[in-house]
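Peer 1: I would like the atomic coordinates for the input below:
(one chain, ligands or ions: 1)
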Amino acid sequence: MGSPAGSDFDFTFLEEGLCARDIVEQKINESLLSDDKDAFYVADLGDILKKHLRWLRVLPRVAPYYAVKCNDSRAVVTTLAYLGTGFDCASKTEIQLVQSVGVDASRIIYANPCKQVSHIKCASAHGVQMMTFDSEVELVKVASCHDNAKLVLRIATDDSKAMWRLSLKFGATLRTSRLLLERAKELGLDVIGVSFHVGSGCTDPESYYQAISDARYVFDLATKLGFTMTLLDIGGGFPGSDDTKLSFEEIAAVINPALDKYFPVDCKVRIIAEPGRYYVESAYTLAVNIIAKKVIMNEQSASDDDVAEDRSLMYYVNDGVFGSFNCVLFENGHVLPTLHKKPKPDEHLFPCKIWGPSCDSQDQIVEHCSLPDLQLGDWILFENMGAYTVTLSTTFNGFQKTEIHYIMSRTAWQYMQQVRAQGLPLLSEEQGGVGSVLSHCGFENFLEVPNSCLREVHTGPGLEAYLKGFNFTGEPPWLTDTC
Ligand SMILES: Cc1ncc(COP(=O)(O)O)c(C=O)c1O
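Peer 2: Residues are numbered from 1 along each chain as shown. Below you'll find the model as predicted:
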């Protein structure tokens, strides 16, 4: 392994033939030689690149503006900045972070409908113009403290089936939207578009369809009131790994026809999204160490030889729900432990609970699972840990945030450098489009998706237009467009 010389972010090169899991293994082996058995992450930045290319292929008309709140690691933000995505920022600090890695203000949407005045002023001072709103009070604030805001009206959605609901807190109804647009007109503000969020961890793709149709209604309303509407923002909610019931491709198979119906290519509306989880979840693997253990005897055991029933095990590990597993508290989420040492085929499994290290009894990571009889110092791994983990973790009880080791293959690094310097390579669909770019870069397997989904995916003029927009020197068209 080695590090890239002269780059402005830190990661270690992954040698040919190795994967993130091998690096986890190496770190665990190194830990055998010392007392330091702190929990750690391995984050594969190449996985983010693969996700980006998959996005371009599957949602070709939609420009991603990464939601920084999901994972604000500098390495993640820098990777996406190299790849040319935009950014959804929720606060002054996120705007500063994104701008500190060289992202232009035109690539930022300040997508928090309820903002502190000083943060609006900061956005104005730093040239960030696009921002969302969903109330009259926000309009009045923006009118008084921003010089040239381009406002995006956030509408409510049916997010009742999402893992994390957001429309309980944000989003105007269609009726309120009319009143807000009228008020914006009175205040002399420039409303340029509509945004929505179907909730994080969306399980019902129809909610995108309905929201896109509602957005069309608001567009027409706003146009009648004299606004020039040029931006549709379809928010986040996309899955971050392939372990979910609803795949990214299945969601896209609903979004693409809805866009074609309500916002056809020739209507010249720029379409963006604010994916968070999608980009980062699968890039991170977390390794935790067993620091304590209890054997709980089941006093109501049926018989003495019924070994399986007579005891359960409680493992205590060195990261918990007040740290990286905060999603368990927040999302009522479930995380899946995997073993570092493969169990023998006939190894006995016990009912287990896994607890975090703090003194709080809510600090339970897994309530029920089946694991072998592990020992102190053994490691348990959790995959898909990149979303809402590092940003939500606290130092409750004095436990420090878990260290992250970033890795990337040389192929992915070279490809990223090329994209950064020249834009995406110009390849027509006949030449194989993005898929072909990937196979040239050793990413043949990036699209392990069912053919049935792929057939439904839109591959129309959007992708070609996008690819043809590059001359190896320019920015992607969505980044050079003005609103
Ligand atoms: C305004 C906004 N945009 C984008 C996101 C990212 O959502 P996801 O991680 O589901 O893609 C969130 C998540 O809370 C959000 O509040």
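
Peer 1: from memory L259 sits against I272, does it?
Peer 2: No. Here L259 lies out of contact with I272, judged by C-beta atoms under 8 Å, at a distance of 11.7 Å. Any C-beta I mention is one placed from the backbone N, CA and C, and that applies to glycine too.

Peer 1: Need the residues touching each of these two.
Peer 2: Shared contacts of L259 and I272 (C-beta atoms under 8 Å, 6 or more residues apart in numbering): V62, L232.

Peer 1: Are we agreed that T132 is in a helix?
Peer 2: No. Per DSSP: H, G, I helix; E, B strand; the rest coil, T132 lies outside any helix segment and is strand.

Peer 1: Tell me who's in contact with it.
Peer 2: Going by C-beta under 8 Å, 6+ apart, T132 touches I109, Y110, A111, N112, P113, L151, V152, L153, R154, S195, D233.

Peer 1: next one: I255
Peer 2: When contacts are counted by C-beta under 8 Å, 6+ apart, I255 touches L59, V62, P205, Y208, Y209, I212, I234.

Peer 1: That one and R61, how far apart?
Peer 2: Here I255 is placed at a distance of 9 Å from R61 (C-beta to C-beta, to the nearest Å).

Peer 1: Just the pLDDT at G17, thanks.
Peer 2: As predicted, G17 sits at a pLDDT of 88.

Peer 1: helix, strand or coil for it?
Peer 2: coil.

Peer 1: How much space separates it from the ligand?
Peer 2: Using C-beta to the nearest ligand atom, to the nearest Å, one gets 32 Å for the distance from G17 to the ligand.

Peer 1: List the residues that contact that residue.
Peer 2: With contact taken as C-beta under 8 Å, 6+ apart, G17 is in contact with no other residue.

Peer 1: again, only this time at 10 Å
Peer 2: Contact analysis of G17 by C-beta atoms under 10 Å, 6 or more residues apart in numbering lists S409.

Peer 1: what's the answer for the one 3 residues further on, then?
Peer 2: For A20, the set of contacting residues under the criterion of C-beta under 10 Å, 6+ apart consists of 14, 41-44, 46-47, 282-285, 383, 405, 407.

Peer 1: most neighbours, which of the residues you listed?
Peer 2: For those, neighbours were counted using other C-beta atoms under 10 Å, and A283 has the most, 31 neighbours in all.

Peer 1: And the pLDDT at the nearest residue to it once chain neighbours are set aside?
Peer 2: Leaving aside its chain neighbours, A283 sits nearest to D47 (3.9 Å; criterion: C-beta to C-beta, 6 or more residues apart in numbering). pLDDT, the model's per-residue confidence, is 97 for D47.

Peer 1: Compute the distance between D47 and A412, please.
Peer 2: Looking at D47 against A412, where the rule is C-beta to C-beta, the gap reads 9 Å.

Peer 1: which residues are common contacts for those two?
Peer 2: Counting by C-beta under 10 Å, 6+ apart, the shared contacts of D47 and A412 are T79.

Peer 1: Pull the contacting residues for the residue nearest to A283.
Peer 2: Under the criterion of C-beta under 10 Å, 6+ apart, the contact list for D47 reads 19-20, 79, 241, 279-284, 386, 407-408, 412, 446.

Peer 1: Any idea which of those the model trusts least?
Peer 2: Ranking the contacts of D47 by pLDDT puts F446 at the bottom, with 39.

Peer 1: And the helices in the stretch 251-400 of the chain?
Peer 2: For the stretch 251-400 of the chain, the helices defined by DSSP state H, counting those that start in this stretch occupy 277-280, 307-310, 326-330.

Peer 1: Repeat that for the stretch 1-150 of the chain.
Peer 2: The residue ranges that make up the helices of the stretch 1-150 of the chain, judged by DSSP H, counting those that start in this stretch, are 20-31, 45-58, 74-83, 92-100, 117-125, 136-145.

Peer 1: With Q116 as the reference, measure out to A156.
Peer 2: Applying C-beta to C-beta, one obtains 22 Å for the distance of A156 from Q116.

Peer 1: what does the stretch 51-200 of the chain put close to the ligand?
Peer 2: By the criterion of C-beta under 6 Å from any ligand atom, the positions of the stretch 51-200 of the chain lying close to the ligand are A67, K69, C70, D88, A111, L166, H197, S200.
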